[in-house]
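> One predicted model, sequence on top.
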Amino acid sequence: MAPPPARNDDFFDRVFDVVARIPFGRVTTYGHIAAHLGSKRAARTVGWALRAAAGHGLPCHRVVNRYGGLSGHAAFGGPHVMEDLLRSEGVAFVDEAIVDINAHLWIPGEPV
DNA sequence: CGCTTGACGTACA
DNA sequence: TTGTACGCCAAGC
């Protein structure tokens, strides 16, 4: 159907909606979110939205880069905050600040 | 109004 | 193979 009726004309709100839908114990990447929005190269813009989302109550810690690295851990106020949160959700880590994205990757639009 | 920056990703040399 | 450059979109100054 037609492309999703974006109730949110703003790129930001659209990112918020996607991030807020990330299921528990699951993670996604900036590129996938951007691709879901229409431009897979807009990953940087997604990062901007996430930065603004800091403090909006969104599970930003579930958003990682293409390598599963916690790129935005600095915006959380602590380098181990995101890691601790993800571990609390049962997410596996392949390295410090690196989640096993292959085992927990969730794609926007997929049913929970 | 215009240039720079930014929680990324892909392409090319 | 590794490294560098560019592209995307929006906000900030």
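Thanks, I have the structure now.
> can you pull up the bridge partners for the residue nearest the centre of chain A?
Computing the C-alpha centroid of chain A and ranking residues by C-alpha atoms, centre = their mean puts residue A:63 first, at 2.4 Å. Beta-bridge pairing of residue A:63, defined through DSSP bridges, involves residue A:28.
> Enumerate every residue touching it.
By C-beta atoms under 8 Å, 6 or more residues apart in numbering, the contact list for residue A:63 reads A:19, A:22, A:27-30, A:33, A:46, A:50, A:72. (Each C-beta comes from the backbone N, C-alpha and C, glycine too.)
> Can you pull the residues of chain A lying near DNA strand B?
Within chain A, the positions adjacent to DNA strand B are A:29-31, A:34, A:40-41, A:43-48, A:50-51, A:53-54, A:60, A:63, A:65-67, A:71-72, A:74-76 by C-beta under 7 Å from any atom of the strand.
> The residue nearest to residue A:89 when sequence neighbours are not counted: neighbour count?
Using C-beta to C-beta, 6 or more residues apart in numbering and skipping the chain neighbours, the partner closest in space to residue A:89 is residue A:25 (4.4 Å). Residue A:25 has 14 neighbours, counted by other C-beta atoms under 10 Å.
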